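[1] Here is a sequence with its predicted model. Questions after.
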Amino acid sequence: MIALHGIAAWTGPVLVGAVATRVAAGAPDAPLLVLAVVVAPLVALVQPRVAETPHVVCAAAAAVSATLVLAASLVPLGDAALLLGARRWHGVALAAVLALLLTLTPGRHGWRLAALAAGGGALLLVLGVLASGTARAPWDAWRDAAARPALRFGEASPWVTEGGWFARRTTLAFAEGHRLVAVTPGTFRVVEQEGASYVVRDWRLAAGDPLSVRPGDRLTVEAGSRVRFEAGKRVPGAASSGAVWAEAGAAPLATSVAALVTLVLGAIGLVPPAGRRAMAAPAALVALALAAACWGVYAVATTPDVMLGGSIAEPLLRLPEAVPRARGLAPVVALGLLALFVAAAGALRERVGAPAGARGAAVWAAMLALAAVGSLWPFDPWFLLMAGLGFAAATIAAPRLAAGGGRRMAGWPVEAIGALAGGVAFVGVVALGPRLPAALGAVAESPALLAAPAGWLAVTLLRWTRRA
Amino acid sequence: MVALTSLLAPLLLLALLPGAPGAVRVAGVSLAWWYAGLVGPVLAVGLTTALLVRASE
């Protein structure tokens, strides 16, 4: 497998969309995330090669991780279908069937490189049109975004004209009074602050019914709801100004470290080591990650409401419609995301399908079907991605880094026992998550923080036991 | 692998140091973004290329 094929496992639509959305939202960890998205797969490319065929436990762990990552990447494709006027399942089914047909076609593998080039090329091309259309280089756009006195709804925003759509259940905090209009019937929960106490009101609104909220109110909107806002009002949930967006502060250290552990070890688990002189792969990774980050910057500079609906596909598809010269390019972006998904599926199939031998095709088809069905629920794709990477970190990367060196215990490779230990710890933390004390919040959010050391420790202890 | 991972440390340090040095603007863009968007990726690609070339020799 050449390095470019391998990194395609990393550059799926979910990571591109998540980077753009985090940057657009001014998340405190956005700069760290952008750099980690570049560095993590590069660490994987320089990892030592593993010669032997993986044990069935390690192969099963890789299959679980890959299924979660595939599901995470199918969610934005379903969202993209909705944003382009189709149904969610249209986007998911098209992507899953295309990936299945291509990955199960025997012989030729050139399509994987072509899909990665087409997907990355489409995103870079549209980004170039955005830069040309706004007449701003990315750093100029960053300066403009940082100089905005407030992030407000524009006159032409779909959230003002026909009404925006919430991809998943969202709670919005309002800094000023708003008058919303429900576009589709639905139930809206408003938590009003009355002095030191809170009053909860549930409003059942028909299409066209207005709802007024005051400063300090919190509004919970169900997935699938459509709402219209007033032009000129501040975007709820967004930074109060460009300066606040630019100086978003810092995420808690434990949270940042937990995310880094998950990303770096997850990449080691899913991205294979590079072959000789794999120089194009690092450049391609940097180009895609920085393109996604630039997308987020242009979003804040032109349409700061693109992350309101909670869909990571929205900044990618809505931004071209807001820039005159890029209008009509949203389908190109959607096709680019589809191509990146197909390339990612090809790379993940190589990581999972090959060890499964003759039953590989059936296992792979089942994985894609499971991922497709799972992605039809309004899951947060970032949660699915971090779950997949975290599981890979605990069951594949950590035992491998402990370097069992082919040693066996009761007939089992020690890496397989480490994978079991890491997997059990991961599932245990997930199950206990809500009951863990607040001090272990970072562990509950990123179970790999505890599960990866468990997998590593199991292999290390078994290695010492064998030596003794 | 350790050298590559350590490229992430300066961003954690910028966030931890008092006075928020990561928010200091250089040519209009914050120091944290210069590092995350330019310096860090260039160093990471250079280091990876050097490691891959050395491994192939």
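    Yep, it's here.
[2] just the strands in chain B please.
    In chain B, strands defined by DSSP state E lie at B:25-26, B:29-30, listed in chain order.
[3] Actually, the stretch 1-150 of chain A.
    Assigned strands in the stretch 1-150 of chain A: none (criterion: DSSP state E, counting those that start in this stretch).
[4] Can you tell me which residues in it are near chain B?
    A:28, A:31-32, A:34-36, A:38-39, A:42-43, A:45-47, A:138-139, A:142-143, A:146 (C-beta under 8 Å from any C-beta of the partner chain). From N, CA and C alone the C-beta is placed, and that goes for glycine too.
[5] contacting residues around A:Gly428?
    The contact partners of A:Gly428, by C-beta atoms under 8 Å, 6 or more residues apart in numbering or on different chains, come to A:Ala451.
[6] Next, A:Ala292: secondary structure please.
    helix (DSSP: H, G, I helix; E, B strand; the rest coil).
[7] mind checking pLDDT for residue 57?
    You didn't say which chain, so I picked chain A. pLDDT, A:Val57: 82.
[8] Switch to chain B, please.
    70.
[9] What distance do you get for it to chain A?
    9 Å (C-beta to the nearest C-beta, to the nearest Å).
[10] For that residue, give its distance to A:Gly6.
    Distance, B:Glu57 to A:Gly6, using C-beta to C-beta, to the nearest Å: 21 Å.
[11] separation between the closest residue to A:Pro413 other than its chain neighbours and A:Ala299?
    Leaving aside its sequence neighbours, A:Pro413 sits nearest to A:His55 (C-beta to C-beta, 6 or more residues apart in numbering or on different chains; 5.1 Å). For A:His55, the distance to A:Ala299 (C-beta to C-beta) stands at 45 Å.
[12] Tell me which of the two has more neighbours.
    Neighbour totals were compared for A:His55 and A:Ala299, and A:Ala299 leads with 27 against 19 (other C-beta atoms under 10 Å in any protein chain shown).
[13] Three-state assignment for that one, please.
    helix.
[14] From what I see, it and A:Leu308 are in contact.
    No. In this structure A:Ala299 lies outside contact range of A:Leu308 using C-beta atoms under 8 Å: 11.1 Å.
[15] Quick check: residues of chain B near chain A?
    B:1, B:4-5, B:7-8, B:11-12, B:15-16, B:20, B:22-23, B:27-30, B:32-33, B:35-37, B:40-41, B:44-45, B:47-49, B:51-53, B:55-56.
[16] what's in contact with the strand or helix carrying A:Leu172?
    In the assignment (DSSP states H and E), A:Leu172 maps to strand A:170-173. By C-beta under 8 Å, 6+ apart, the residues outside strand A:170-173 that reach it are A:217-221, A:236-237, A:308-310.
[17] thinking again about what came up before, show me the residues of the stretch 1-150 of chain A next to chain B that map onto helices.
    Within the residues of the stretch 1-150 of chain A next to chain B, residues falling in helices by DSSP state H are A:31-32, A:34-36, A:38-39, A:42-43, A:45, A:138-139, A:142-143, A:146.
[18] so B:Pro41 makes contact with A:Leu35?
    Yes. B:Pro41 sits in contact with A:Leu35 when judged by C-beta under 8 Å, with a separation of 6.9 Å.
[19] where's the residue nearest to A:Pro413 relative to A:Ile417, distance?
    9 Å.
[20] need the helix or strand of chain A with the lowest average pLDDT.
    Least confident helix or strand of chain A, by mean pLDDT, DSSP states H and E, is strand A:408-409 with a mean of 74.
[21] what's it packed up against?
    helix A:448-467 (3 or more C-beta pairs under 8 Å, 6 or more residues apart in numbering or on different chains; DSSP states H and E).
[22] Relative to A:Val352, how far out is the residue nearest the centre of chain B?
    Using C-alpha atoms, centre = their mean, the residue of chain B that lies closest to the mean C-alpha position is B:Gly40, 2.7 Å off. From B:Gly40 across to A:Val352, the span is 31 Å (C-beta to C-beta).
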